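Visitor: Just the structure for this:
(chains A and B)
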Amino acid sequence: MSLYQLVYYSRNAIAGDASVFEAEVDAILAASRRNNEAAGITGALLFNAGVFAQVLEGPLAAVEATFERIQQDERHGDVSLLALEPIAQRSFSNWAMGFVGHSAENAQRFAAIGLTRGFDPARLGGHKMHAILRDLTLEEEAAAA
Amino acid sequence: MSPQSLHAPEASPPPDAILNALPHPVIVISDDGEVIYANGAAQVALGGWIAGLPFAEIFPGSDESFERLIARGSALTLASKTHARYRALAGPPSAYGRVLSLFPDESATPAAIADTDELTGLLKRNGLNDGIERALVAEDGGAGRVAIHCIDLDRFKVVNDTLGHGVGDVLLARVAERIRSACRKGDCVARIGGDEFVVVQTGIASPEDAERLAARLVDLIGRTYVLSGHTVNIGASVGVAVAEAGNGPRDMLRNGDLALYEAKRAGRGRFRTFETGMDAALKYRRELEIDLRRALALKQFAVHYQPFVDLRDDRVIGFEALIRWDHPVRGRVPPMDFIPLAEETGLIAKIGEWVLRTACATAATWPEPMTVAVNISPVQFKSDTLVETVVSALAHSGLSPQRLEIEITEGALLEDTVNVLKTLHALQALGVKISMDDFGTGYSSLSYLQKFPFDKIKIDRSFVQGSDEDSEAILKAIASLGLSLGMAITAEGVETPEQLARIRDEQCTHVQGYLTGRPMPADGIHPFLSE
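Guide: From the prediction side, this is the model:
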């Protein structure tokens, strides 16, 4: 079964203060972990107050179904598909879902590459985004080990 | 075989055999309302050995007794347990009951199947009408509380054509899912054509509720799809109609369609809500379109000519061809009222060609070799035949190409720029002059002036007539820009001697306006020139 990778970013449409946002992100992550594990999807979710960026990896049908569910979610909009392509192997095989964006180190990193609130991730392009997500995820993994 | 043998008496088949050989079901119903006989076809169609069963069990759809049904007339429509429908012809009453002949009613397939779209599971048109009817009744007539959303997919055909019907079908199913996800559980959603959907929204408290859903539908359907590894992007146009007192399904669907038409006209990928007056506006446009389609054949168009003057020697050096439409009832219809419609409907191609041919033919009769300027619409540039048409118009009239000037607006360069530039270069290679019309009103992008060596720039009348400093600064800037690029500059709309004096100061090379001559019919040119 061939594996596919899909990368997108979207504008965060969650209205409310930081606690609402945190609660929603928690809910998104909980639902993602549950659904994606069952569907054989791995990947990473990156976000800040303005943007969600996500990598989904898995069998094509599962990637499509997951992306379709994400597309129907009202909590974000202006979804831009940065990449959709077959891959030889997963880049995010160890994680059901990577969570980045909370640690101070990441916050610094966001600032360093202009990924603060209101950044323009379109400039990064699919591969760059992927690479950044991958680096971030591996770092998180290392930190957690 | 002798002729006699054809008429030789043979044993006639037994009545039972004939009945069983009939292709349509025949049953006999006793006075008690029971089936006492069923022929072969009836047994196959109605479920095996049915003799002895009550009529009501075989045709559960009818609430009335068999005798009551019969009393209403001898032709009935009956629905079987499997929802198959039959037209039933009943014989006269007899000692043993009545004979019924049943004929499959193909005009009415089983209700459940007929009302559901196989691909998307949504309702079809019949079900939609019922759904709207029910919503209106449930909402107390529905005024202000029920809305319908007529949805049309943009660019669906392209997906079908490029990725195939298989992907197109999957896409339709996905669209249906997304529409469902945006609606409340009880709201009825229908697919009524290839890529047309309708949502019946109930329980709305204000028009904003309807607008919110419409905006959501446009957003949601317009989001990227991933289908079998393909990335697919389509859009949606939505027409919203909120029920008004006394509206039925037909009124609502018509209003929704009118609003949808407006949404598409406004550029698609958006929604519009029905307003009173859309009806009248559309009616007006339709009637105008009908008249416009006839106008050419009925010779209601004329070309008038407005002179332009070379400021170096104050001589008339040419005329701009301007279309006039004199309608027997409407009177003179201004170009700004019908040219956009002509462009929208594609009629501009024929009308534009006629103007071009007429103008060339007229100019060929002028006493001096003056220029004739003809406007070409951006729509005409999209056809592949523009250069051919120009060549043919020149050949037929005998006009030298150097005397023809094609005027285009910035709009022509907005889309498909590469091809438009190719066409312009081809025209210029013929010897035809090219000018940029109405400069200063649109995007006024200086890059257009760099992309093509226009022979002339025509500065819009608003800068000529405006007496403020800004207008003057813009006028001056465009004029000096044109001068440095080696382009002639025409100032349009000059009406007073003061304006003319200013134009001279700003180094414009040509002038056109009421002061130097109003548009005139072709036969007015000779007298005008000899004045």
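
Visitor: All the helices of chain A, in order from the start?
Guide: Counting by DSSP state H, chain A forms helices over residues A:18-39, A:60-71, A:104-112, A:125-144, given from the N-terminal end onward.

Visitor: Checking my notes, B:L153 in a strand, right?
Guide: Yes: using DSSP: H, G, I helix; E, B strand; the rest coil, the assignment for B:L153 is a strand.

Visitor: is it true that it touches B:N233?
Guide: No: contact between B:L153 and B:N233 fails when scored by C-beta atoms under 8 Å: they sit 11.2 Å apart. Placement of C-beta: from N, CA and C, glycine included.

Visitor: So these two - more neighbours on which side?
Guide: Residue environment comparison for B:L153 versus B:N233 gives the larger neighbour count to B:L153, 21 against 13, counting by other C-beta atoms under 10 Å in any protein chain shown.

Visitor: and that one, how far is that from B:M278?
Guide: With distances taken as C-beta to C-beta, to the nearest Å, B:L153 is found 22 Å from B:M278.

Visitor: Leaving out the residues flanking it, which one is nearest to B:E368?
Guide: B:L529 (7.5 Å; C-beta to C-beta, 6 or more residues apart in numbering or on different chains).

Visitor: what comes into contact with the host helix or strand of the one you found?
Guide: Per DSSP states H and E: B:L529 is located in helix B:525-530. The set of residues external to helix B:525-530 that reach it, using C-beta atoms under 8 Å, 6 or more residues apart in numbering or on different chains, is B:Y305, B:P307, B:V316, B:F319, B:T362, B:W366, B:P367, B:E368, B:G517, B:M520.

Visitor: Low-confidence ranges, the chain, go.
Guide: Let's take chain A. In the predicted model of chain A, residues A:1, A:18, A:48-50, A:93-145 satisfy pLDDT under 70.

Visitor: you looked at the wrong chain, it should be chain B
Guide: Low-confidence segments of chain B (pLDDT under 70): B:1-10, B:47-49, B:61-64, B:74-75, B:81-83, B:106-114, B:442-444.

Visitor: ok, now with 50
Guide: Across chain B, the ranges flagged by pLDDT under 50 are B:1-6, B:8, B:110-111.

Visitor: domain parsing for chain B?
Guide: B:18-104, B:115-276, B:285-530 (automatic domain parsing).

Visitor: which one of those domains is the most hemmed in?
Guide: Mean neighbours per residue, mean count of other C-beta atoms under 10 Å in any protein chain shown, is largest over those for domain B:115-276, with a mean of 19.

Visitor: Say whether chain A is contacted by it.
Guide: Yes: using C-beta under 8 Å from any C-beta of the partner chain, domain B:115-276 reaches chain A at B:174, B:177-178, B:181, B:216, B:219-220, B:223-229, B:231.

Visitor: Buried residues, the lengthiest strand in chain A. List them.
Guide: Secondary structure of chain A per DSSP state E: the longest strand is strand A:76-87. By 16 or more other C-beta atoms under 10 Å in any protein chain shown, the buried positions in strand A:76-87 come out as A:H76, A:V79, A:L81, A:L82, A:A83, A:L84.

Visitor: now, which of these lie close to chain B?
Guide: Near chain B, judged by C-beta under 8 Å from any C-beta, the entries from these are A:V79, A:L81, A:L84.

Visitor: I'd like the distance between B:L347 and chain A.
Guide: In this view, B:L347 and chain A are 38 Å apart by C-beta to the nearest C-beta, to the nearest Å.

Visitor: Sticking with the closest residue to that residue other than its chain neighbours, tell me its helix or strand.
Guide: On the basis of C-beta to C-beta, 6+ apart, the spatially nearest residue to B:L347 that is not a chain neighbour turns out to be B:L292, at 5.9 Å. Under the criterion of DSSP H and E, B:L292 resides in helix B:278-295.
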